[in-house]
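[1] build me a structure from this.
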Amino acid sequence: MTNFVVKTLANAAALAVAIWLVAGITLDDHSSSLGRRTLTLILVALVFGLVNFIVKPVVKLLSLPLFILTLGLFTLVVNALMLLLTSWLAKQLDLSFDVENFWSALIGGLIISVVSWAVNVALPDKD
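    Got it, this is the predicted structure:
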C-alpha cells in the first residue's frame, strides 16, 4: 500500500512540474484554495496512474513494431498519448486538468518521465 501511495505522490509531483513548465498543460483551479488544487492534482495523478497501468501496456504491445523501428523513441509518443487520454478522462470526471495539444503533451510526457524517474531513484521500491 505504501508503494501505491509513493507512486501516486511521485506522479502528482511530476504532473505539478509539467504544469509549472509547460504552458499548454494547466490545472485551472486558480480561484480555489491550495488544498483544493492539491486534491485535484492527486486525483489527476490517480487517473494518470490508472491509465499507465491499464492502457499503456496494451498500446505498447500493439505498437511493438514501431518501438523496434524507432529504437524506443516511440515511447515519447505513447507517453504523450497517455497524457492526452488522462486530460480527456479528467474532463469527464470534472477535474480541471487540461492538455491543449499533442506538442504540449509530448514535452509534458518527457518532463513527467524524467521527474518520475528521479523520484523513483530517490525513493526506491521496498519489496
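
[2] please make it C-alpha for all contacts and neighbour counts, starting now.
    Will do.

[3] in stretch 37-50, what's buried?
    Neighbour counts using 16 or more other C-alpha atoms under 10 Å place 37-38, 40-49 of stretch 37-50 among the buried residues.

[4] redo these as TSV? Include distance to Trp117.
    Below are these laid out as TSV (distance: C-alpha to C-alpha, whole Å):
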residue	distance to Trp117
Arg37	24
Thr38	21
Thr40	22
Leu41	19
Ile42	18
Leu43	20
Val44	19
Ala45	15
Leu46	17
Val47	19
Phe48	15
Gly49	14
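
[5] which ones among those are found in helices?
    37-38, 40-49 (DSSP state H).

[6] now, among the residues you listed, which is nearest to Leu85?
    Proximity to Leu85 was ranked across those by C-alpha to C-alpha; first place goes to Phe48, at 8.5 Å.

[7] quick check, that closest one in contact with Leu84.
    No: assessed by C-alpha atoms under 8 Å, Phe48 is found out of contact with Leu84, at 9.8 Å.

[8] got the contact list for the residue located most distally from the centre of the chain?
    Taking C-alpha atoms, centre = their mean, the residue of the chain most remote from its mean C-alpha position is Leu69, at 24.8 Å. Not one residue lies near Leu69 by C-alpha atoms under 8 Å, 6 or more residues apart in numbering.

[9] torsion angles phi and psi at it?
    Phi and psi for Leu69, reported as degrees, to the nearest 10, are phi -60, psi -40.

[10] where's it relative to Pro57, distance?
    From Leu69 across to Pro57, the span is 18 Å (C-alpha to C-alpha, to the nearest Å).

[11] cool, and Val119?
    22 Å.

[12] more crowded one of these two?
    Val119 (18 against 12; other C-alpha atoms under 10 Å).

[13] and the helices in this protein?
    2-21, 34-62, 64-69, 74-92, 102-122.

[14] alright, I will stop here.
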